[in-house]
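Undergrad: just need the structure, nothing else, for what follows:
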Amino acid sequence: MTQRPANPEAARHEEVALRAKLARAVGKACPPWARPHAETMVEAAMAGVVQARASRGTAGPMAATHLWKVACVATLDELDRRRAGNADVAKTDPLGQEIAQALRGLASSRRGAVALYLQGHPVPETARLLEWAPKRTESVVDRGLAELAKGLQRPGPRGATVPGHEGRWMRESFATVTGDGEAGLGGREVDEIWTAVRGDLGGERVATLAERITKDPTFAEVWRVAMAFADSAAADEEETADAFEALSGAHDLGDEDEGDDEARASAPSPASLRWIAVGVAVVAALAVVWWLR
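TA: Down below sits the predicted model:
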């Protein structure tokens, strides 16, 4: 997400593209109870971005990560507004509730890593967030999921296996666990979650926050929303970096062509080379005549 272009047609194109990106992010982040209001949340996110741009004025483009964070906060604010007095908030999948309860019963050495995995972080990303070795993380997550499965009274889908990366059904059920209708989190807590999901927080602090995921459904819900928008920010930054790299490559190629043109311009022409050769031959002949005398 970059600064709005001055050209009206380009501005409209960017607005359509931005709205599509926000819709995808909200679609990933939206808890089940709020899905009927997804379009309203997209509008809230869009309004937050427009307001942030307007407050910045003409000071230049805003970083993608900042704009996506603005959109994330606007979405969370709309979720809080919708959460109040909404009876559907409490309609959590019973299996999701059971998974959440069993998660709290895991050993502390496994609980945080499994919580991050159930939130949707792949094993390599969980390892990066916790600053653990990938092998250790994979082992802890696999053992933790297996322990969770044994502790569930409700079976998972027929044929579902948990070890390795087959815990998708657990993730889907855990994603239905939501807050109880109370207000959401404060701005400082949201800031810290955003920093964590962006991978800019120390492993020990992330482990502490992951513990809270297991105890506070509203915290887990906010984390999932932040994850969705942080993923969009990362994709936006990668897209921008690729564009700059392509532009830089074209610029370098242009410089090389320009250098070649300068070299060709400074090189002597074939006619000049012929006259130089004639001059050298004349001087050599005069030198021979003088020597024979």
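Undergrad: tell me the domain ranges of this structure?
TA: Following automatic domain parsing, one finds the domains of the chain at 8-87, 90-228.
Undergrad: out of those domains, nearest to Glu238?
TA: Closest approach to Glu238 among those is made by domain 8-87 (9.6 Å; CB to CB). To be clear about C-beta, it is placed using only N, CA and C from the backbone, and glycine gets the same treatment.
Undergrad: pLDDT on that closest one, on average?
TA: For domain 8-87, mean pLDDT is 82.
Undergrad: over to stretch 205-214?
TA: Per-residue scores along stretch 205-214 average to 93.
Undergrad: count the neighbours of Pro122 for me.
TA: As a burial measure, Pro122 scores 13 neighbours (other CB atoms under 10 Å).
Undergrad: can you check Leu106 too?
TA: Per other CB under 10 Å, the neighbour tally for Leu106 reads 21.
Undergrad: which strands and helices sit next to the strand or helix carrying Val49?
TA: Assigned by DSSP states H and E, Val49 belongs to helix 38-56. Helix 38-56 is packed against helix 8-29, helix 64-83, with contacts defined by 3 or more CB pairs under 8 Å, 6 or more residues apart in numbering; DSSP states H and E.
Undergrad: in JSON lines, list these along with distance to Ala220 and mean neighbour count.
TA: Shown next, in JSON lines, are those (distance: least, CB to CB, whole Å; neighbours: other CB atoms under 10 Å):
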{"stretch": "helix 8-29", "distance to Ala220": "12", "mean neighbour count": "16"}
{"stretch": "helix 64-83", "distance to Ala220": "13", "mean neighbour count": "22"}
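Undergrad: of all those helices, which lies closest to Ala44?
TA: helix 64-83 (4.0 Å).
Undergrad: where's Val114, which helix or strand?
TA: Assigned by DSSP H and E, Val114 belongs to helix 108-119.
Undergrad: buried set for that helix?
TA: Across helix 108-119, burial judged by 16 or more other CB atoms under 10 Å covers Arg110, Arg111, Gly112, Ala113, Val114, Ala115, Leu116, Tyr117, Leu118, Gln119.
Undergrad: thank you kindly, that will do.
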